[in-house]
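**Q** here you go, sequence then predicted model.
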Amino acid sequence: MPDPRSAKGPSKAAPSKPIATEGAAGESIRRKAFRILGLPAVTALFARDPDRVERLFFDDRMKEKVGAYCAGLAQARKVYRLLPADEMEKVAGTPLHGGVVAVAAPRPVLPLDIDEAARWAAAGEPLMILDGVGNPHNLGAIVRTCAFFGINRLVLSDHAEQALPSEAAYRVAEGGFEYVTLYQLPRFAQSLRHLRAHYRIVGTALGDHPDPAAVLSAAPNGAGPAKPAALILGNEEIGLPATTLQACNQLVTLRGSGQVQSLNVSATAAILVHALAAPALTPAGPLRA
């Protein structure tokens, strides 16, 4: 690999100004680059979109693993640096950096177009939707789960509490953000009613509701071609807002022993995303937990 010490430039963790990119409708948007930590996330980034990487920092234990990335950055005349442990922690902003930090623009959150969603539904592709999930670690864990099970689109509401991509979310997702495209649905409850023309909107709630596995795989009324499911998970503490519940075709409840009221939303997502993705999963090879 190129000599890391030969890379020129300052070893700051972020570029001096945001990166200009093109939005879904061609409008210019600006996304501030941030730190993506850990080998799984950095590997996914270089595999999917290496041009987004602005800088790379790593410690001695990662030197061989990132050699090819350094070669690419050297060709692009971008900064990469081998750093001692104390400097790595400063650059990363945390000791939990896994030995490698990339500075890159996050993938954009796109506005959801109902006509485009109609095409996904016609192809039988399910949707995962979050309404007010505010903890970035939960967002990252859910993105990781979606990527693991091949649900490659995640819709976010315009709820004021809804978490958006961040350094913390990227760290927990372990590279999942490179495979899951995020969309945001404005005027959420109203837009859900338009989405009902193409999807069965299935909300999660406490109470005496059917088991989600049966609902997510069933055709409506047991007959006719099934619309794919769009599954909605709500805020960690208060669940789905009343307006969202009213927009759902059906509610489901994941039942446990009763010893505690509910699961963490990311744990609930792991169970339900498996059910949501089950019809599309194939025995092509073993999955690793």
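**A** It's in.

**Q** lowest-confidence helix or strand of the protein?
**A** Every helix and strand in the chain was compared by mean pLDDT, DSSP states H and E; the lowest is strand 19-22, with a mean of 36.

**Q** can you pull out the strands in the stretch 1-150 of the chain?
**A** 19-22, 28-31, 34-37, 53-58, 79-82, 100-104, 109-111, 127-131 (DSSP state E, counting those that start in this stretch).

**Q** buried ones in the last one?
**A** Think strand 127-131. 127-131 (16 or more other Cβ atoms under 10 Å). Backbone N, C-alpha and C define where each C-beta goes, glycine included.

**Q** now swap in the fourth one and tell me
**A** Across strand 53-58, burial judged by 16+ other Cβ under 10 Å covers 53-58.

**Q** nearest to residue 112, out of those residues: which one, please.
**A** Ranked by distance to residue 112 (Cβ to Cβ), those are led by residue 53 at 27.6 Å.

**Q** excluding its backbone neighbours, what's nearest that closest one?
**A** residue 104 (4.8 Å; Cβ to Cβ, 6 or more residues apart in numbering).

**Q** isn't that neighbour right next to residue 44, touching?
**A** No: if you go by Cβ atoms under 8 Å, residue 104 and residue 44 don't touch, sitting 11.1 Å apart.

**Q** looking at these two, which has the bigger crowd around it?
**A** residue 104 (25 against 20; other Cβ atoms under 10 Å).

**Q** who's that one bridged to?
**A** On the basis of DSSP bridges, residue 104 is bridged to residue 34, residue 53.

**Q** could you count how many residues lie near residue 267?
**A** By other Cβ under 10 Å, the residues close to residue 267 number 15.

**Q** give me phi/psi at it?
**A** Dihedral angles of residue 267 (phi, psi; degrees, to the nearest 10) stand at phi -70, psi -40.

**Q** per-residue confidence at it?
**A** For residue 267, the model assigns a pLDDT of 95.

**Q** the buried residues of strand 127-131 into JSON lines, with extra columns for distance to residue 275 and pLDDT?
**A** Converted to JSON lines, the buried residues of strand 127-131 look like this (distance: Cβ to Cβ, whole Å; pLDDT from 0 to 100):
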{"residue": "127", "distance to residue 275": "14", "pLDDT": "96"}
{"residue": "128", "distance to residue 275": "11", "pLDDT": "97"}
{"residue": "129", "distance to residue 275": "15", "pLDDT": "98"}
{"residue": "130", "distance to residue 275": "17", "pLDDT": "98"}
{"residue": "131", "distance to residue 275": "19", "pLDDT": "97"}
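
**Q** residue 158: which of the residues you listed is nearest?
**A** Using Cβ to Cβ, these come closest to residue 158 at residue 131, 9.2 Å.

**Q** how much space between that closest one and residue 265?
**A** 11 Å (Cβ to Cβ, to the nearest Å).

**Q** find the residues that touch each one of these two.
**A** 233-235 (Cβ atoms under 8 Å, 6 or more residues apart in numbering).

**Q** of those residues, which belong to strands?
**A** Among the shared contacts of residue 131 and residue 265, the members found in strands (DSSP state E) are 233-234.

**Q** any idea which of the shared contacts of residue 131 and residue 265 is closest to residue 136?
**A** residue 235 (13.7 Å).

**Q** many thanks, we can stop here.
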